[in-house]
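Chemist: Need the 3D shape of this:
(one chain, ligands or ions: 1)
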Amino acid sequence: EAEQEIDFFFPQEQTLAVIKPDAMEGHKEEILGEISKGGFTISHLKETVLTREMAEEFYREHREKPFFSQLVDFMCRGPCLMLVLTKENAVEEWRAMMGPTDPEKARETAPQSLRARFAKDVLENTVHGSSDQQHAAEKIHFIFGDISADSDVLNEADVVSPPL
Ligand code: IDP
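Modeler: Below you'll find the model as predicted:
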């Protein structure tokens, strides 16, 4: 019941965050540290190498874009870390931590952001975050299935290979 009272005053929101293959190679721990400092709760996480089909489906909104096949190649290149982040205003706050899509712009306008600090270019830009609550719900379901009945606190059963 105490939990319900907290939710009443501070409604919790979920977003899907992804640490992309470029960042898995050297910045995973640092990004997880920033997520924790940012006050997000990680309720689910899993490290996966996406298949082409999954990456195409994940980014289907972009299928007509000229960079679509590059984007799919990049996302399948190595493991990604998928995370469900919970916090008040999580969607917007995680987007703010990520910074703008293009790291050159990020370095000008949001030098503390993850993309400003770690991203190589507009394609290999370190992290993904849902753009609104509808997308968050859709992509969380796509990656993790139905988690609506799960607790917001991570338990071991949610950690699908390999643990951190
Ligand atoms: P977002 O990730 O900041 O929401 P979107 O426009 O939704 O940006 O693009 C999805 C992903 O597609 C980007 O994160 C990036 O990896 C890639 N991307 C976006 N624009 C370009 C581009 O102009 N060239 C190559 N890749 C791009």
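Chemist: only C-alpha atoms for contact and neighbour calcs from this point on.
Modeler: Will do.
Chemist: How is M97 assigned, secondary-structure-wise?
Modeler: Assigned by DSSP: H, G, I helix; E, B strand; the rest coil, the conformation of M97 is helix.
Chemist: Enumerate every residue touching the residue nearest to it when sequence neighbours are not counted.
Modeler: Of all residues not flanking M97 in the chain, S113 sits nearest, at 5.2 Å (C-alpha to C-alpha, 6 or more residues apart in numbering). With contacts defined as C-alpha atoms under 8 Å, 6 or more residues apart in numbering, the neighbours of S113 are 96-99, 106.
Chemist: try 7 Å
Modeler: 97-99 (C-alpha atoms under 7 Å, 6 or more residues apart in numbering).
Chemist: And the pLDDT at it?
Modeler: What the model reports for S113 is a pLDDT of 98.
Chemist: Phi first, then psi, for it.
Modeler: When read as degrees, to the nearest 10, the backbone of S113 gives phi -70, psi 160.
Chemist: Could I get the full set of strands for this structure?
Modeler: 13-19, 41-48, 80-87, 127-129 (DSSP state E).
Chemist: Those strands: which one's closest to the ligand?
Modeler: With C-alpha to the nearest ligand atom as the criterion, the ligand lies closest to strand 127-129 of the strands of the chain, at 5.2 Å.
Chemist: Give the residue spans of the chain that score low on pLDDT.
Modeler: 1, 3, 6-8, 155-164 (pLDDT under 70).
Chemist: now the helices for it?
Modeler: Here the chain has its helices, by DSSP state H, at 2-9, 21-24, 28-37, 52-58, 68-76, 90-98, 103-109, 114-118, 133-144.
Chemist: Just checking the distance from the second one to the centre of its chain.
Modeler: In this case it means helix 21-24. 12 Å (C-alpha atoms, centre = their mean, to the nearest Å).
Chemist: how close does the spatially closest residue to F68 that is not a sequence neighbour get to the ligand?
Modeler: Closest residue to F68 apart from its sequence neighbours, by C-alpha to C-alpha, 6+ apart: H62 at 6.2 Å. With distances taken as C-alpha to the nearest ligand atom, to the nearest Å, H62 is found 7 Å from the ligand.
Chemist: is it true that H62 touches L71?
Modeler: No: H62 lies out of contact with L71 (C-alpha atoms under 7 Å); the separation is 9.2 Å.
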